[in-house]
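Chemist: need a 3D model of the sequence below.
(one chain, ligands or ions: 3)
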Amino acid sequence: MLRVAVPNKGSLSEAASGMLSEAGYRQRRDSRELVMVDPDNDIEFFYLRPRDIAVYVGTGTLDVGITGRDLFLDAQVEAEELLTLGFGGSTFRFAGPVGEFTDVTQLHGRRLATSYDGLLRSYLADRGVEAKVVRLDGAVESSVRLGVADAIADVVETGNTLKAAGMEIFGEPILKSEAVLIGRPGEAAAGLDVLIRRLRGVIVAREYVMMDYDVRKELVEEAAALTPGLESPTVSPLRDTDWVAVRSMVKRNQTNRIMDELYELGARAILVSSIHACRI
Ligand SMILES: Nc1ncnc2c1ncn2[C@@H]1O[C@H](COP(=O)(O)OP(=O)(O)OP(=O)(O)O)[C@@H](O)[C@H]1O
Ligand SMILES: O=P(O)(O)OC[C@H]1O[C@H](OP(=O)(O)OP(=O)(O)O)[C@H](O)[C@@H]1O
Ligand SMILES: [Mg+2]
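Modeler: Ligands and ions are numbered 1, 2, ... in the order given. The predicted structure is shown next:
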């Protein structure tokens, strides 16, 4: 039975369970449940703190897990990213009191507060910056005002928390994070290929829509160049032999631009529909 770790709380929890449900797996109904067996799919889900998931996977106790890239790298365990899941996006950044820092090199000899000390220490070491790292559990933005640190390294999404604490970001982003599926390198547990294929199906169904349109035969090459699809668009004959029907997958976030360009080219009856599920 494939053993999978799923975040039990925090920003990633609901989206991770939602994605697994959409992929056809049974998920817990009550947020206090710790384990959920799905015998039909020969799979077992363990609901754990996202920070701990890398540890369980890294030691081989569980086969794979869903966690944030930042949490995975912070844990410094023997595992690898198998799939990026397209939710839980955030940026890990330096921040300090407004107007005080502009560059990472200014952190030399200063105190830096963070909840991600593993990640931060290796970043600083790679750049030869010697700073004192103060490990805190959360609410890191308050540490400067309270006098335990000079600057921080933390997850920034909207920037509202930083602003409220009188701080601003500086330097290049340390890391761009999102939810990932992690596993042990070189170990393919039974059923893992099916899990990955199903999750890919959910990701693609969310990222793409199906576009149908009619176009005059002589314009089909130009139209197909606008909608190349994943492999190649389907072109079907119409009763009016001067026209053909074209069907192709397009990126959801480009739908309107492509429809405008197709219309200008002369395509008509341009229809867009959602993809409910797929295997690519
Ligand atoms: N706005 C956000 N705040 C914190 N973490 C976020 C945010 N958006 C995405 N994430 C990601 O969620 C993961 C943090 O998980 P964690 O369980 O700490 O969530 P949390 O929202 O900080 O919950 P809590 O602090 O209440 O436990 C990281 O991978 C982080 O990049
Ligand atoms: O840029 P923003 O949209 O304001 O989001 C970023 C904030 O959200 C997270 O805090 P969380 O609520 O998880 O509290 P914590 O610091 O106690 O973990 C993170 O640690 C930042 O403080
Ligand atoms: Mg948090």
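Chemist: residues touching Gly116, list them.
Modeler: Not Gly; residue 116 is Tyr. Contact partners of Tyr116, counting by C-beta atoms under 8 Å, 6 or more residues apart in numbering, are Asp70, Leu71, Asp74, Phe92, Ala153, Asp154. All C-beta atoms are positioned from the backbone trio N, CA, C, and that covers glycine.
Chemist: quick check, the second one in a helix?
Modeler: Pointing back at Leu71 there. Yes: counting by DSSP: H, G, I helix; E, B strand; the rest coil, one finds Leu71 located in a helix.
Chemist: and Phe170, how many neighbours?
Modeler: 19 (other C-beta atoms under 10 Å).
Chemist: list the buried residues of stretch 30-44.
Modeler: Met36, Asp38, Asn41, Ile43, Glu44 (16 or more other C-beta atoms under 10 Å).
Chemist: for the first one, helix, strand, or coil?
Modeler: Same thing as Met36. Applying three-state DSSP: Met36 is strand.
Chemist: ok, now Leu112?
Modeler: strand.
Chemist: per-residue pLDDT, Gly186?
Modeler: Looking at Gly186, its pLDDT stands at 89.
Chemist: name the element it belongs to?
Modeler: Assigned by DSSP states H and E, Gly186 falls within no helix or strand.
Chemist: and the contacts of Tyr116, which is closest to Thr241?
Modeler: For the contacts of Tyr116, the minimum distance to Thr241 (C-beta to C-beta) is 57.4 Å, reached by Asp70.
Chemist: tell me who's in contact with the nearest residue to that closest one once chain neighbours are set aside.
Modeler: In space, and not counting its chain neighbours, Asp70 is closest to Ser177: 4.0 Å by C-beta to C-beta, 6 or more residues apart in numbering. The contact partners of Ser177, by C-beta under 8 Å, 6+ apart, come to Gly68, Arg69, Asp70, Gly88, Gly89, Ser90, Thr91, Phe92, Val155.
Chemist: residues in contact with the second one?
Modeler: Just to be clear, that refers to Arg69. Glu81, Thr84, Leu175, Lys176, Ser177, Glu178, Ala179, Val180.
Chemist: against ligand 1, how distant is the fifth one?
Modeler: Spelled out, it's Ser177. Separation of Ser177 from ligand 1 (C-beta to the nearest ligand atom, to the nearest Å): 4 Å.
Chemist: what bridges to Val235?
Modeler: Per DSSP bridges, residues listed as beta-bridge partners of Val235: Val246.
Chemist: contacting residues for it?
Modeler: Val220, Ala224, Val244, Ala245, Val246.
Chemist: what's the most distant pair in these?
Modeler: Ala224 and Ala245 (12.3 Å).
Chemist: quick one: pLDDT of Ser253?
Modeler: To be clear, residue 253 is Asn; Ser isn't right here. Reported pLDDT for Asn253: 97.
Chemist: should've said Ile174
Modeler: At Ile174, pLDDT is 97.
Chemist: which one of the contacts of Ser177 is nearest to ligand 2?
Modeler: Of all those, Val155 has the smallest distance to ligand 2: 4.2 Å, by C-beta to the nearest ligand atom.
Chemist: can you tell me the closest non-neighbouring residue to that closest one?
Modeler: Using C-beta to C-beta, 6+ apart, the nearest residue to Val155 is Ser90, at 4.8 Å.
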